[in-house]
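**Q** got a sequence here, can you build the structure:
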Amino acid sequence: MNELRELYQELIIDHSKRPRNFHPLPDPEHRADGYNPLCGDKVTVYLNTEDGRVQDISFQGSGCAISTASASIMTETLKGRSRDEVAAIFKKFHRLLTQDETGTDSNTELGKLVVFSGVHEFPLRVKCASLPWHTMNAALERKSKTISTE
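**A** You can find the predicted model right below:
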C-alpha cells in the first residue's frame, strides 16, 4: 500500500508542477471563477461544448498542489464526455473525497482521479480538491457569481 501511496503522490506532484490544459480558451462558451478562502486557491475554468459534450476544457489559477492537480486531471478526464457523464463522474469523485471507499468498484471508473482517495482523511484538503469541480459545474450552468468553498 505504501508503494501505491507513493505513486499517487508522484502523480499529484507531476500534475501540480506541470498542469495539463493550463491556459485560457479563446472565446469560451462557458466560464466560471472559484475561490477557497481557507487555502487561498483561485481557479478559473473555461469550457466549450458541442452536441452536449465537453469539446474543450481548460483552467488557470493559483493554488496548492492538490487543487492544481485536481483541476489538471479533471480537464483530462472530462474532455469528450457528455453532460450526464460529467455529472456522474463528479458525483463519484465527490464521494471519493468525502468517504473512505478504498478498493471499491466505483473507484475503478475514476481512472487517474483515484489518486485523491486519501484526501478524505484531511477535511481541509477536500475543499482544495473539489474547488475546480464545483467551478466547472458553475461554468456549465453559466453561473456568474464566484464559487466559494465556504
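
**Q** for stretch 17-27, measure first residue to last.
**A** The first and last residues of stretch 17-27 sit 26 Å apart, counting by CA to CA, to the nearest Å.

**Q** looking at this structure, which helix or strand does the model trust least?
**A** Lowest by mean pLDDT, DSSP states H and E among the helices and strands of the chain is helix 105-108, with a mean of 58.

**Q** could I get the average pLDDT for the next helix-or-strand element following it?
**A** Using DSSP states H and E, the helix or strand that follows helix 105-108 towards the C-terminus is helix 123-140. Helix 123-140 shows an average pLDDT of 95 in the prediction.

**Q** show me which residues of helix 123-140 are buried.
**A** 125-140 (16 or more other CB atoms under 10 Å). C-betas here are computed from N, CA, C, even on glycine.

**Q** tell me what it is packed against?
**A** strand 30-36, strand 41-50, strand 53-62, helix 65-78, helix 83-98, strand 147-148 (3 or more CB pairs under 8 Å, 6 or more residues apart in numbering; DSSP states H and E).

**Q** can you tell me what sits against stretch 85-104?
**A** Identification of contacts with stretch 85-104 by CB atoms under 8 Å, 6 or more residues apart in numbering yields 54, 77-78, 81, 106-107, 109-110, 113-114, 116-117, 119-120, 126, 129-130, 133, 136-137, 140.

**Q** so what's the closest residue to Leu47 other than its chain neighbours up against?
**A** Nearest-residue entry for Leu47: His30, 3.9 Å, with adjacent residues in sequence omitted and distances by CB to CB, 6 or more residues apart in numbering. When contacts are counted by CB under 8 Å, 6+ apart, His30 is found next to Val45, Tyr46, Leu47, Asn48, Thr49, Ala139, Leu140, Arg142.
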